[in-house]
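J.: Here you go, sequence then predicted model.
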Amino acid sequence: MRGQRAAAGTPRYIRDEDVRVRHWRREQFYRLGFSNSDARTLANSGADLTAVRALIAKGCDPATAYRIVT
């Protein structure tokens, strides 16, 4: 419910939005060719999605891009 507070003190709607953003980021990384596991790791990290997209667009394979951004 909107405005309801979680045990940790974070409003539920903010937590839910964070979850949606992570899921969206994971899907974006997956579509770029990363394994589901690597996509999840990247989505949960501070990896710059725009930078990763640029690397992939320039011909960098996902395994190398993963090593560059992590």
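T.: Thanks, I have the structure now. Numbers count the residues shown, from 1 in each chain.
J.: mind showing which ranges of the chain have poor pLDDT?
T.: The chain contains residues with pLDDT under 70 at 1-10.
J.: which helix in it runs the most residues?
T.: Ordering each helix of the chain by length in residues (DSSP state H) puts helix 12-31 first.
J.: What is whichever helix or strand comes after it packed up against?
T.: Downstream of helix 12-31, the next assigned helix or strand under DSSP states H and E is helix 36-44. Applying 3 or more Cβ pairs under 8 Å, 6 or more residues apart in numbering; DSSP states H and E, one finds that helix 36-44 contacts helix 12-31, helix 62-69. The way it works is simple: take the backbone N, C-alpha and C, and place the C-beta from them, glycine included.
J.: change it to 6 Å
T.: Judged by 3 or more Cβ pairs under 6 Å, 6 or more residues apart in numbering; DSSP states H and E, helix 36-44 is in contact with helix 12-31.
J.: Run through the neighbouring helices and strands of the helix it packs on.
T.: Secondary elements touching helix 12-31 (3+ Cβ pairs under 6 Å, 6+ apart): helix 36-44.
J.: Would you mark the buried spots in the helix it packs on?
T.: For helix 36-44, burial by neighbour count (16 or more other Cβ atoms under 10 Å) applies to 38-43.
J.: circling back: for the longest helix of the chain, buried residues please.
T.: For helix 12-31, a neighbour-count test (16+ other Cβ under 10 Å) marks 25-26, 28-30 as buried.
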